[in-house]
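*Asks:* Sequence first, predicted model second:
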Amino acid sequence: MNEQNRKPAPRRGASARGSGSSSGASARPAGAQGGAPKKPKKKGGAKRVWANIGRVLVVLVSIGVIVASVLAVMLSLYVVKVTANDASLLNLENLKLSYSSTIYAIDPQTGKPEPYQRLVDNADRIWVDGNQIPDNLKNAFIAVEDKTFRENSGVNFKRTISATANLVLSRLTGGRITLYDTEQGASTITQQLIKNITGDDDRDPLRKVREIFRAISLNGRYSKDTILEAYLNTVGFMGNTCGVQACAYNLYDKDVGQLTLAQCATVAAITNNPTKYNPRTEPENNLQRRNMILGMMLEQGLITQADHDAAVAEPLNLVDPSEKQNTAKVGGNSYFTDMVIDEVITDLVNEGICETRSEASALLFNGGLAIYSTVDTNLQSIMEEVMAKEPGNYYPDQEVEYKDKATGETKTQNVQGAMITIDYTGAVKGVVGGLGEKTADRGLNRAVGSLRQTGSTMKPIGAYALGIDYNYITYSDGGFIDDWVEEINDNGTMRKWPRNYSGKYTEQRMLVCDALANSINTIAVRVGKLVGPDDLFDFMTNTLGITSLVENRTEANGLISSDIGVGPLVLGSMTDGVSLAEMAHAYMMFGDGGTVTPLHSYTTVENVQTGEIVLDNTLLPTTRAIGEDTAMIMNKLLRQVITRGTAAGTGTNTIAGMETVGKTGTTSDDKDHWFIGLTPYYVTATWMGYDQPQELAWKAYGKHPPTLAWKEVMERAQEGLEAKNFPTAPANTVVTKTYCTESGGEAGPLCPSTATGYYKADQPLEPCDIHVG
Ligand SMILES: [Zn+2]
């Protein structure tokens, strides 16, 4: 193209001016016209000649109009075709989202999703809202890049025509003649934004046309402020640095809102040529352009003379990259955010949407996903506050030494804790995976990622639940007096097993309701044996969905581990342990009438650009684990733990006017302390212990740290909630009866002490056999 144009142009171009056209495209008709006037000079008959010329002109003009019309139609068709997808491509509301993904939480007041956290995995790109960008920075860009920005239609036609003429002239003369400094491009801020979003290269003339149309269209659809916000967030700087906020942190280690006027001008100076005006490598170039911009701002009335003079005198004042303090601005995830991220990544792989976790991670962080989470932001922040309290408030401050297994070094550790709260749909409402200040994104979340022995919290979900469900026991069955078996210790001596937590064997008769309330091991094991370890294991693994129980595993030392036994499945001394999350999930059935629904931290994940639902948790299956009658009886049994059992005296009888039920758990040598508490709204599992299991001296400190922490969380979270009761079984399926607290049988007139128990309607209750006449 260039070679063809260059030859004839110098001759014909000279007469082109006379044609009245300022466009290079009219060079050909002008040339024809230039040849015409030569004829009448040789011959006479000027009138006819002029008439002929007139006709020729009419024909030429007509041809020109037709050609122009055809070109216009073709151009229109072209523009329509190439801008067909612009509605979504140039959607500035979605730009912020497509930049990164966002986790939403439902606002309890409005029921609508509100942004909870924006996910950014790249410190070089940080979105900042327009109202947080200082006017000086906006004005610096406007002054140097597009001074008519506030008034123009998205395109500066005067500059575009000049630049086109400049380009043509430059090409025709092989670059020897130019009218303007080519660095002063014709692109407005709107056009530059389109380039930033689409990646289009405007050196192609057709693409330039497309860009102009798009700019006008964008200008019609959005306010100047929205366009400027989008531009300032997508404009490129040194290296991968993108957007003014990332640039502010890169150069000055501070929020863009804190930049001085001079610093604003330095930032605006870079864009034109990030290599040439990089203030770190080319400080002189940058200073020169910075001061030029300050001069333009003064000239355009955007700053005062005094501001200008002060700014020009200011040195660059860049922060040494090694001394940056605020680079961790990106992130600051809550434990909940960490949990959602991991769940979405896992599901993207499991659903076959991504092949690898790293692919899923890239999609999550950069794919413009809207993740509608289940978090209750109020509950989450209450949990964070309670768990962040100084050691010694709820949780003991007890630093102990331990030996690192890998290195043999002696290290120290302090008490740790975690808490997770779910509702009865399986939705995670809040989670905190450690005590004190959270120091890392996606570090250890003990509520989800730590497997701990569960101690007595295991008893209800296996032995007692199935014992009642299978009609093996009733609420007040008794007679399991001191039921132990003799087992052979490792050293060959005989021992009585199981031992109760107190270390004592009682000779008295013990009822099921009392045994559960006081967490008596011997009774629980007896019930577990009635159900059978195989049934317990199957129920916990397949129905309750506990994933960490070991069926049969050969360890490195050649020994075989198996959790199929009453020790692991009733007393919670399993091989690896169970997470808080899975324990909370298992306990759901005691507060919702006997069903479980899979835990989830989000409902749907949507691709904002396409509107496509990528992941959907709204139709998770609800499984009936135990009968409604069993669930109600178990709920009443767990109520005894609070009113007169191991959690009595903690002030948790009712919370915010609502009933509570729960179960404590302590593992051997006091290495783990659990509490799982239920209200009509929530199930919460809490735990404390050392990361490297060691004895907790918590009793010396005070009673029930996890229970008291739960109490404060629930009191605050349920404040103002409508009072609710736990569900009851269908009418006439569960009946109340008065039982003798000594025998457990139905109380007669001679029984000295009685209480109310809950029984399946079709289960008979024998009369008291002690206090008979
Ligand atoms: Zn009696």
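*Replies:* On my side now, so go ahead.
*Asks:* Provide a list of residues in contact with the residue lying closest to Ala709 once chain neighbours are set aside.
*Replies:* Spatial nearest neighbour of Ala709, chain neighbours left out: Tyr394 (4.4 Å); criterion: CB to CB, 6 or more residues apart in numbering. C-betas here are computed from N, CA, C, even on glycine. Residues in contact with Tyr394 (CB atoms under 8 Å, 6 or more residues apart in numbering) are Val386, Pro705, Pro706, Leu708, Ala709, Glu712.
*Asks:* First-to-last residue distance for stretch 592-606?
*Replies:* Its first and final residues considered, stretch 592-606 spans 30 Å by CA to CA, to the nearest Å.
*Asks:* Pull out the buried positions in that stretch.
*Replies:* 592-597, 599-603, 605-606 (16 or more other CB atoms under 10 Å).
*Asks:* try stretch 551-570
*Replies:* Asp563, Ile564, Val566, Gly567, Pro568, Leu569, Val570.
*Asks:* For the last one, what is the enclosing helix or strand?
*Replies:* It stands for Val570. Element membership of Val570, judged by DSSP states H and E, is helix 566-571.
*Asks:* Just give me how far that helix sits from the chain centre.
*Replies:* 37 Å (CA atoms, centre = their mean, to the nearest Å).
*Asks:* Residue numbers of the protein in contact with the ion?
*Replies:* Selection of the chain residues close to the ion by CB under 5 Å from the ion yields Cys740, Ser743, Cys751, Cys768, Ile770, His771.
*Asks:* Which parts of the stretch 401-550 of the chain are helices?
*Replies:* For the stretch 401-550 of the chain, the helices defined by DSSP state H, counting those that start in this stretch occupy 446-449, 458-459, 465-469, 512-517, 521-531, 533-538.
*Asks:* Could you say which of those helices is packed most deeply?
*Replies:* helix 458-459 (a mean of 28; mean count of other CB atoms under 10 Å).
*Asks:* before we move on, back to that, out of the residues of the chain next to the ion, grab the one that's most surrounded.
*Replies:* Within the residues of the chain next to the ion, neighbour counts (other CB atoms under 10 Å) peak at Cys740, which reaches 24 neighbours.
*Asks:* list the contacts for that one?
*Replies:* Glu746, Ala747, Gly748, Cys751, Ser753, Thr754, Cys768, Ile770, His771 are the contacts of Cys740 under CB under 8 Å, 6+ apart.
*Asks:* Assign a three-state SS to the last one, would you?
*Replies:* Going by DSSP: H, G, I helix; E, B strand; the rest coil, the secondary structure assigned to His771 is coil.
*Asks:* who's in contact with it?
*Replies:* Counted by CB under 8 Å, 6+ apart, His771 has contacts Cys740, Glu742, Ser743, Gly748, Leu750, Cys751, Pro752.
*Asks:* How about the first one?
*Replies:* For Glu746, the set of contacting residues under the criterion of CB under 8 Å, 6+ apart consists of Lys737, Thr738, Tyr739, Cys740, Leu765, Glu766, Pro767, Cys768.
*Asks:* got the phi/psi numbers for the fourth one?
*Replies:* Pointing back at Cys740 there. phi -80, psi 120 (degrees, to the nearest 10).
*Asks:* got it, and the fifth one?
*Replies:* Backbone dihedrals for Leu765, given as degrees, to the nearest 10, come out at phi -120, psi 120.
*Asks:* How much space separates it from Gly748?
*Replies:* 12 Å (CB to CB, to the nearest Å).
*Asks:* Which pLDDT value goes with the residue in the stretch 501-650 of the chain that the ion sits nearest to?
*Replies:* Using CB to the ion, the single residue of the stretch 501-650 of the chain nearest to the ion is Arg509, 10.9 Å away. We have a pLDDT of 72 for Arg509.
*Asks:* Just give me the neighbour total for the nearest residue to Gly657 once chain neighbours are set aside.
*Replies:* Nearest non-adjacent residue to Gly657, counting by CB to CB, 6+ apart: Ala723, 5.0 Å away. The tally of other residues near Ala723 (other CB under 10 Å) stands at 11.
*Asks:* confidence score at Ala723?
*Replies:* pLDDT, Ala723: 94.
*Asks:* and Ser153, what does it touch?
*Replies:* Counted by CB under 8 Å, 6+ apart, Ser153 has contacts Ala215, Ile216, Asn219.
*Asks:* Just these: which are in helices?
*Replies:* Ala215, Ile216, Asn219 (DSSP state H).
*Asks:* from those residues, which is closest to the ion?
*Replies:* Asn219 (88.6 Å).
*Asks:* Now for the closest one: which residues touch it?
*Replies:* By CB under 8 Å, 6+ apart, the neighbours of Asn219 are Asn152, Ser153, Gly154, Val155, Thr190, Ile227.
*Asks:* how about 7 Å then?
*Replies:* Neighbouring residues of Asn219 by CB atoms under 7 Å, 6 or more residues apart in numbering: Ser153, Gly154, Thr190.
*Asks:* next one: Arg716
*Replies:* Arg716 neighbours (CB under 7 Å, 6+ apart): Ile382.
*Asks:* Run the chain-centre distance for the helix or strand where it lies.
*Replies:* Counting by DSSP H and E, the element that carries Arg716 is helix 705-717. Relative to the centre of its chain, helix 705-717 is centred 26 Å away, using CA atoms, centre = their mean.
*Asks:* Give me the buried positions along that helix.
*Replies:* Pro705, Pro706, Thr707, Leu708, Ala709, Trp710, Lys711, Glu712, Val713, Met714, Arg716, Ala717.
*Asks:* Pretty sure the second one sits against Ala685.
*Replies:* In other words, Pro706. No: applying CB atoms under 7 Å as the test, Pro706 and Ala685 come out as separate, 8.9 Å apart.
*Asks:* what about stretch 190-199, average pLDDT?
*Replies:* In the prediction, stretch 190-199 has an average pLDDT of 82.
*Asks:* For the residue of the stretch 301-450 of the chain found nearest the ion, give me phi and psi.
*Replies:* Residue nearest to the ion within the stretch 301-450 of the chain: Tyr424 (37.9 Å; CB to the ion). When quoted as degrees, to the nearest 10, the phi and psi of Tyr424 stand at phi -80, psi 10.
*Asks:* Excluding covalently adjacent residues, which one is nearest to it?
*Replies:* Nearest non-adjacent residue to Tyr424 (CB to CB, 6+ apart): Asp592, at 4.0 Å.
*Asks:* helix/strand/coil for the one you found?
*Replies:* Strictly by three-state DSSP, Asp592 counts as coil.
*Asks:* What separation do you get for it and Ile382?
*Replies:* On the measure of CB to CB, Asp592 and Ile382 end up 23 Å apart.
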